[in-house]
Structure formats: C-alpha cells, structure tokens
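*Asks:* Output the structure for:
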Amino acid sequence: MYVLIKKFFVTYRSTILATFLIFVLLGFIEWVFGRSLLGPDGRVGWWESSVWSPESSQRVADAYSFSHIIHGMLFYGFLWFIARSLPLRHRFIIALLMEAGWELLENSPIIIDRYREVTISLGYVGDSVLNSVSDVVMVAIGFVITRLSRVWVTVALIIVMEVGCLLWVRDNLTLNIIMLVAPSETIKTWQAEGHEEVLLGE
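*Replies:* Residues are numbered from 1 along each chain as shown. Model (predicted):
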C-alpha cells in the first residue's frame, strides 16, 4: 500500500501541487476580500442540511454540494469536447480553475445581490472560505467520477442528484441557473412554499 501511495504522489506530484495551490490561493483571495473563514459562528461544521439555515453555504458540505459535483461532471464533458488533446491532468486543473473563478464571482457583491434580489436566498451573505474551497473539492470529485464512469452512469447520477435536490430542498443546479439568468416568480413562490412547510413542521 505504501509503495502504491508513494508511486501515486510521485506520478502526479505536479497536479497535486497545482491543486493545493488553487485551494490556497482561492482561500487567501476570499479572505483578503473579507469572506469569513468558517462562517458566522467561527466553528468548523461538516454538514448543513437546510438551505434556509444561515449556516447553509458556510459548512464543508450542504445541499448545494451536489450541484458542485455536477459542475465537475459537466466540466469534464466540456473540456473533453473542446480540449481532448490536452492531457487529462491539465484538463483537471483547468476544471478546478474554472470553479475557483466562479467561486470568486459568486462571492462578489454583484452576484450576492443578484441572489438576494431574484432567488429564495434572501439572506444570502456569500460562502465562507471553508465552503468555497470545499465546493472546488466537490468539482474535483465530480470530475474524477466522470473519468472513471461510463457516460450513462454519469448522466444517471446527474439526473438523480438534480431530481433528488428538487424534491428535497426545491432547488438544484438547473433552477439556480434559471433564477439567476431569467427569474421566474412562479418558481420563486413554489420554492418559498417549501420554507413555509419547513416552519410548519418544526
């Protein structure tokens, strides 16, 4: 086992180093621009199940982590389509850079205000540094799953995650994109009703 691990790190040391640097730079840039490291309570949290909780987008993982796994799957397909001549490890790093770029944009005032204005995330204050870095990890997981899976398995997983999140929290990657690009009051009202059901159930 030790030999296999050593061989892995030797073979992919440049990719591992580049991945680590992306995490560090993303976290540092967000911290410099005022993002909270661990969320409002300053504690490391592993999971937050409620999208209505102020701890959503502050912990290591939450319902939206599934959307970021899908990002990784879609990035794999996109980069395979437009840059399949590049080595896989280069496409992997490009996918992480794309996600890191989105994380920086997502946590900028323009996107935070957009979320508050047109989506159900009325109290959204942006991600913690912990959550942003974790989102990039989720992309890496989605990328690797796609690399190791048949196309139909990846498609099935995307459908399961999208439908599952739709039924669970009334939100998913598809609705998130729709609401950011072309907001629908009908969708927003339906999502808000989910919050009312949660409150009634407490």
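
*Asks:* Grab the most central residue of this protein for me.
*Replies:* residue 68 (3.0 Å; Cα atoms, centre = their mean).

*Asks:* Return the residues in contact with that one.
*Replies:* By Cβ atoms under 8 Å, 6 or more residues apart in numbering, residue 68 lies in contact with 99, 135-136, 138-139, 142. In short, each C-beta sits where N, CA and C put it, glycine included.

*Asks:* tell me the secondary structure for residue 171?
*Replies:* Three-state assignment for residue 171 (DSSP: H, G, I helix; E, B strand; the rest coil): coil.

*Asks:* That one: neighbouring residues, count only.
*Replies:* By other Cβ atoms under 10 Å, 21 other residues sit near residue 171.

*Asks:* What confidence value was assigned to it?
*Replies:* For residue 171, the model assigns a pLDDT of 94.

*Asks:* for the residue nearest to the centre of the chain, phi and psi?
*Replies:* Residue 68 has phi and psi values of phi -70, psi -30 when expressed as degrees, to the nearest 10.

*Asks:* Which strand or helix spans the nearest residue to it once chain neighbours are set aside?
*Replies:* Of all residues not flanking residue 68 in the chain, residue 138 sits nearest, at 3.7 Å (Cβ to Cβ, 6 or more residues apart in numbering). Using DSSP states H and E, residue 138 maps to helix 129-148.

*Asks:* In that helix, which residues are buried?
*Replies:* Under the neighbour-count criterion of 16 or more other Cβ atoms under 10 Å, helix 129-148 has 129-140, 142-143, 145-146 buried.

*Asks:* can you map out the strands along the chain?
*Replies:* Taking DSSP state E, the strands of the chain run over residues 47-48, 61-62.

*Asks:* By mean pLDDT, flag the weakest helix or strand of this protein.
*Replies:* When the helices and strands of the chain are scored by mean pLDDT, DSSP states H and E, helix 185-201 comes last with a mean of 74.

*Asks:* circling back to that earlier point, deepest of the strands of the chain, which one?
*Replies:* strand 61-62 (a mean of 22; mean count of other Cβ atoms under 10 Å).

*Asks:* How far away from the center of its chain is that strand?
*Replies:* 9 Å (Cα atoms, centre = their mean, to the nearest Å).

*Asks:* likewise stretch 148-159?
*Replies:* For stretch 148-159, the distance to the chain centre is 18 Å (Cα atoms, centre = their mean).

*Asks:* Can you give me the buried ones in that stretch?
*Replies:* Within stretch 148-159, the residues scored as buried using 16+ other Cβ under 10 Å are 154, 157-158.

*Asks:* One more: stretch 12-23?
*Replies:* The neighbour-count check on stretch 12-23 (16+ other Cβ under 10 Å) flags 15, 18-19, 22-23 as buried.

*Asks:* Could you do stretch 91-111 as well?
*Replies:* 91-93, 95-100, 102-104, 106-107, 111.
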